[in-house]
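Chemist: need a structure here:
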Amino acid sequence: MALGEFDLIARHFTRPVRRSPLGVGDDCALIAPAAGMQLAVSSDMLVEGRHFLSTVAPERLGHKALAVNLSDLAACGARPLAYTLALSLPRADEAWLAALASGLHALADRHDIELVGGDTTAGPLNLCITVFGEVPAGDALLRSGARAGDDLWISHPATPDEPGWLGEARLMLEIFRGTPGVRTEGLDLDRLRLAMECPQPRVALGLALRGVARSAIDVSDGLLGDLGHVLRRSGGLGARIEAAALPRSAAILRQHEALQLECLLAGGDDYELLFSADPTDRDTVSALAARAGCGVTRIGTLGAAGTPLEVVDADGRPLATAWASFDHFLSR
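Modeler: Residues are numbered from 1 along each chain as shown. Just a heads-up that it's a prediction; the model follows:
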């Protein structure tokens, strides 16, 4: 028997809830943040052929659809509460849907976030999730709080063996594209594909950095481009990034230097936290990251308003910065 829209929802996307008085099934979900809290809300869409390959395993697609949204909450220092799912499907494939839901629900359970509503329709494969989190009033991490003289930090996995290091998702994309000059010998391609398809949102780190980090953003479109958003929102600050300080996995180090920098600075799809903090808080930042189960590396310094954003080599000489971050209407 064919699987209808409402059977699909009931079977795969209806779960018990604690934070919403209604859960799935009414025209609107109701969410009540705790006293003194503000709601943090973000939406991200994943479109087949634009954000993911048609060959992606549905479990990983479910994971990533929620992960990229949780990363936005992490960058705001918000605790996840609930989410909605809008899903467009070319067909209602029972096995595929069960696997998608499995990946989605597994990550949701890990971060204690509840599915409280959404929509389904027939059409090209497209997933759009809206997340809701809560953060104490006045404590949210913002792009606009950076100050000249701040240290600039990037998060990364806690150990070299973990996938998801800066630039690895972009490297895997270049391998899929068959880009000339990419060195694949000796690479664990399954590990790199995991980095691209199963990013790990740094929710625990975002919560830990409240009151310590002065600004934050997640790296989704490339480090330089996302840093540019922070600099503009913080009064036109400059920044000096030390290329030699950028954390590099073994897979990245196998590539020629130009490709390394392309992946590290303009790759995107990393979903690590890029944040600034007072230099006096270096030990605190490192300790908080360790408690949050990840690593952090200081990669540079923020400059005064009107100074440039530059990348320098080990001798302090500026490197050419022709790297462009991803833009959905300009990038192809």
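Chemist: continuing past the helix or strand that S102 is a member of, what's the next helix or strand?
Modeler: For S102, the enclosing helix or strand under DSSP states H and E is helix 94-110. Next along the chain after helix 94-110, taking DSSP H and E as the criterion, comes strand 114-122.
Chemist: in that following strand, what's buried?
Modeler: For strand 114-122, burial by neighbour count (16 or more other CB atoms under 10 Å) applies to 114-118, 120. For every residue, glycine as well, the C-beta is placed using N, CA and C.
Chemist: same for the next helix or strand after that strand, what does it pack against?
Modeler: Downstream of strand 114-122, the next assigned helix or strand under DSSP H and E is strand 126-136. Counting contacts by 3 or more CB pairs under 8 Å, 6 or more residues apart in numbering; DSSP states H and E, strand 126-136 is packed against strand 37-47, helix 58-76, strand 79-89.
Chemist: can you report how many residues neighbour the nearest residue to S215 once chain neighbours are set aside?
Modeler: Setting aside the residues directly before and after it, S215 is nearest to A146 in space (CB to CB, 6 or more residues apart in numbering), at 3.8 Å. When counting by other CB atoms under 10 Å, one arrives at 26 neighbours for A146.
Chemist: L253 versus A146, what's the distance?
Modeler: 30 Å (CB to CB, to the nearest Å).
Chemist: just D93 next, same as before
Modeler: 41 Å.
Chemist: how about the helices in the protein?
Modeler: 5-12, 58-76, 94-110, 168-177, 189-197, 203-208, 223-233, 250-253, 257-266, 282-291 (DSSP state H).
Chemist: ok, residues contacting the fifth one?
Modeler: What that stands for is helix 189-197. Residues outside helix 189-197 that contact it (CB atoms under 8 Å, 6 or more residues apart in numbering): 52, 56-57, 60-61, 63-64, 163-165, 168-169, 171-173, 175, 251, 269.
Chemist: buried members of those residues into ChimeraX, please.
Modeler: The buried residues among these can be selected in ChimeraX (16+ other CB under 10 Å) with this line:
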select :52,56,60,61,63,64,163,164,165,168,169,171,172,173,175,251,269
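Chemist: on that earlier part again, what's in contact with the helix holding S102?
Modeler: Against helix 94-110 from outside (CB under 8 Å, 6+ apart): 3, 8, 11-13, 15, 57-63, 65-67, 70, 83, 85, 89, 114-115.
Chemist: mean confidence for that helix?
Modeler: Mean pLDDT, helix 94-110: 95.
Chemist: what of stretch 137-147?
Modeler: Here the average pLDDT along stretch 137-147 is 96.
Chemist: end-to-end on it?
Modeler: 21 Å (CA to CA, to the nearest Å).
Chemist: report the buried residues of it.
Modeler: Using 16+ other CB under 10 Å as the test for burial, stretch 137-147 gives 140-143, 145-146.
Chemist: show the pLDDT at the most centrally placed residue in the chain.
Modeler: The chain has Y271 as the residue nearest its centroid, 2.4 Å off, counting by CA atoms, centre = their mean. Looking at Y271, its pLDDT stands at 96.
Chemist: surely it touches Q200?
Modeler: Yes - contact criterion CB atoms under 8 Å: Y271 and Q200 qualify, at 7.4 Å.
Chemist: which neighbours do those two have in common?
Modeler: A67.
Chemist: before we move on, the earlier item: hey, which of the helices and strands packed on strand 126-136 is tucked in deepest?
Modeler: Of all the helices and strands packed on strand 126-136, helix 58-76 has the most neighbours on average by mean count of other CB atoms under 10 Å, namely a mean of 25.
Chemist: strand 37-47 and that one, what's the angle between them?
Modeler: Inter-element angle recorded for helix 58-76 and strand 37-47: 140 degrees (by axes from the mean of the first three to the mean of the last three CA atoms, to 10 degrees).
Chemist: tell me what helix 58-76 is packed against?
Modeler: Right, helix 58-76 is packed against strand 37-47, strand 79-89, helix 94-110, strand 126-136, helix 189-197, helix 203-208, strand 213-218 by 3+ CB pairs under 8 Å, 6+ apart.
Chemist: switch the ones you listed over to TSV; also include distance to A287.
Modeler: As requested, those are exported to TSV (distance: least, CB to CB, whole Å):
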stretch	distance to A287
strand 37-47	25
strand 79-89	20
helix 94-110	23
strand 126-136	21
helix 189-197	26
helix 203-208	9
strand 213-218	14
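Chemist: any idea which helix or strand in the chain has the lowest mean pLDDT?
Modeler: Sorting the helices and strands of the chain by mean pLDDT, DSSP states H and E puts helix 5-12 at the bottom, at a mean of 68.
Chemist: mean pLDDT added to the helices and strands packed on strand 126-136, as JSON lines?
Modeler: Compiled in JSON lines, these are given as follows (pLDDT from 0 to 100):
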{"stretch": "strand 37-47", "mean pLDDT": "93"}
{"stretch": "helix 58-76", "mean pLDDT": "97"}
{"stretch": "strand 79-89", "mean pLDDT": "95"}
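Chemist: closest to V285 out of the ones you listed?
Modeler: helix 58-76 (15.1 Å; CB to CB).
Chemist: quick one, that closest one and strand 79-89 angle?
Modeler: Going by the same axes, to 10 degrees, helix 58-76 makes 140 degrees with strand 79-89.
Chemist: may I have stretch 184-202 as PDB, with CA atoms only?
Modeler: The C-alpha coordinates for stretch 184-202 follow below in PDB (Å, rounded to 0.1, in the frame of the first residue of the first chain):
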ATOM      1  CA  THR A 184      44.400  11.100  -3.100                       C
ATOM      2  CA  GLU A 185      47.100   8.400  -2.600                       C
ATOM      3  CA  GLY A 186      47.200   7.200   1.000                       C
ATOM      4  CA  LEU A 187      44.000   9.100   1.900                       C
ATOM      5  CA  ASP A 188      41.100   7.500   3.900                       C
ATOM      6  CA  LEU A 189      38.300   8.600   1.600                       C
ATOM      7  CA  ASP A 190      35.600   7.100   3.800                       C
ATOM      8  CA  ARG A 191      36.900   9.300   6.700                       C
ATOM      9  CA  LEU A 192      36.900  12.400   4.500                       C
ATOM     10  CA  ARG A 193      33.400  11.700   3.200                       C
ATOM     11  CA  LEU A 194      32.300  11.400   6.800                       C
ATOM     12  CA  ALA A 195      33.700  14.800   7.500                       C
ATOM     13  CA  MET A 196      31.600  16.200   4.600                       C
ATOM     14  CA  GLU A 197      28.400  14.400   5.400                       C
ATOM     15  CA  CYS A 198      28.400  14.200   9.200                       C
ATOM     16  CA  PRO A 199      29.600  17.500  10.700                       C
ATOM     17  CA  GLN A 200      29.600  17.700  14.500                       C
ATOM     18  CA  PRO A 201      28.000  20.800  15.800                       C
ATOM     19  CA  ARG A 202      29.900  22.400  18.700                       C
END
